[in-house]
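Participant: Please work out how this folds:
(one chain, ligands or ions: 1)
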Amino acid sequence: MSAQRAAGRAVDAAAAAGRRALARCEEWNREHPWDHNAHHHAWIERHLPRRVGTALDVGCGTGDLVRRLAARTEHVTGLDADPGCIDTARRLLAGHRGVDLRCGDVMTADLPGGYDVVTALAVLHHLPLEPALERLTALLAPGGTLLVLGLYRPRTATDHLLDAVAVPANLVAGGVATWRRGSAPRPVAMTAPTAPATATLREVRDAARRTTPGAAVRRHLFWRFSLLHTARRAPG
Ligand SMILES: C[S@@+](CC[C@H](N)C(=O)[O-])C[C@H]1O[C@@H](n2cnc3c(N)ncnc32)[C@H](O)[C@@H]1O
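Facilitator: Residues are numbered from 1 along each chain as shown. Model prediction:
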């Protein structure tokens, strides 16, 4: 067998093992759920500009991130296509000042735009990739910041090699979260609609190159990526 064919088989075997591990991991997650998205709030908070007037959280679910953004911004809008999520978010955030929760599809909703910050946490894979990146960027004020944390579909040998770290870390995090929760119900944020990741990391990077040139796209553990983009300032 040529070295090239042997290498090809090794990659296929690693990919098949990765897929099996992922399937087991998803099963474990269903029984021992933990909130991967809340785990990534810290990344978003770390990258917020020092002063934020207005922010938009796209696909806000039940409003966890909106609550955190409200502490750092003058006004934050949470938008979600799911009426049940928005009802829950309104109930949970009642009394918070400078918070507006709206039900609608980000691709068509009548939004004023000009936001200092637009965030999208675990939402991009629900949307058509390139049109969504264009839309999110168009909603920014000049000099505004786009913060996306998204899911990618593992495909390459490197993706599957990372499973060797992500899978056990995920099992431990799920086990610890379940133990800590005891008999308490799973976090309400985890009731928001989910979807499987569709784009690979390469496809995300290619789309970002075309739609948000200069954006920093980084790989994170747990099959996530981040995209950080700053809109151009108006000339003069
Ligand atoms: C996996 S959940 C993430 C929710 C929240 N960002 C979090 O981190 O907990 C994805 C959310 O995106 C919302 N969504 C999907 N398509 C949307 C669209 N076209 N416009 C606005 N929200 C959308 C879903 O209703 C869902 O609440």
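Participant: which non-adjacent residue is nearest residue 67?
Facilitator: Distance criterion C-beta to C-beta, 6 or more residues apart in numbering; nearest residue to residue 67, sequence neighbours excluded, is residue 93 at 6.1 Å. All C-beta spots, glycine's among them, are computed from the backbone N, C-alpha and C.
Participant: quick one, what contacts the one you found?
Facilitator: With contact taken as C-beta atoms under 8 Å, 6 or more residues apart in numbering, residue 93 is in contact with 63, 66, 67, 70, 78, 99, 101.
Participant: Name the helix or strand for the residue lying closest to the first one once chain neighbours are set aside, please.
Facilitator: Closest residue in space to residue 63, ignoring its immediate chain neighbours: residue 89 at 3.2 Å, by C-beta to C-beta, 6+ apart. With elements taken from DSSP states H and E, the one containing residue 89 is helix 83-92.
Participant: and the next helix-or-strand element following that helix with helix 83-92, angle?
Facilitator: Scanning forward in sequence from helix 83-92 by DSSP H and E, the next helix or strand is strand 99-103. Using axes from the mean of the first three to the mean of the last three C-alpha atoms, to 10 degrees, the direction of strand 99-103 lies 160 degrees away from that of helix 83-92.
Participant: Partner strands of strand 99-103, with direction?
Facilitator: Strand 99-103 pairs in its sheet with strand 73-80 (parallel), by DSSP bridges.
Participant: pLDDT averaged over the strand it pairs with - what is it?
Facilitator: For strand 73-80, mean pLDDT rounds to 97.
Participant: same thing with stretch 86-94?
Facilitator: pLDDT averaged over stretch 86-94 gives 96.
Participant: Tell me the helices and strands packed up against the helix of greatest length in the chain.
Facilitator: Longest helix in the chain by number of residues (criterion: DSSP state H): helix 3-31. Using 3 or more C-beta pairs under 8 Å, 6 or more residues apart in numbering; DSSP states H and E, the elements in contact with helix 3-31 are helix 157-181.
Participant: could you say what helices and strands the helix or strand immediately after the helix it packs on in the chain packs with?
Facilitator: Sequence order places helix 201-211 as the next helix or strand after helix 157-181, per DSSP H and E. The contact analysis (3+ C-beta pairs under 8 Å, 6+ apart) places helix 201-211 against helix 129-138, strand 216-220, strand 224-230.
Participant: What are the contacting residues of helix 201-211?
Facilitator: Here helix 201-211 has contacts from 124, 129-130, 133-134, 137, 150, 152, 155-156, 159, 199, 215, 217, 219, 225, 227, 229, using C-beta under 8 Å, 6+ apart.
Participant: List the buried residues of it.
Facilitator: 201, 204, 205, 207, 208, 211 (16 or more other C-beta atoms under 10 Å).
Participant: Output the set of residues of this structure in proximity to the ligand.
Facilitator: When proximity is defined as C-beta under 6 Å from any ligand atom, the chain approaches the ligand at 37, 58-61, 64-65, 79-82, 85, 105-107, 121-123, 126-127, 189, 192-194.
Participant: if you set the cut-off to 8 Å instead, what comes out?
Facilitator: Residues of the chain lying close to the ligand by C-beta under 8 Å from any ligand atom are 35, 37-38, 40, 57-62, 64-65, 79-82, 85, 104-107, 109, 120-123, 126-127, 189-190, 192-195.
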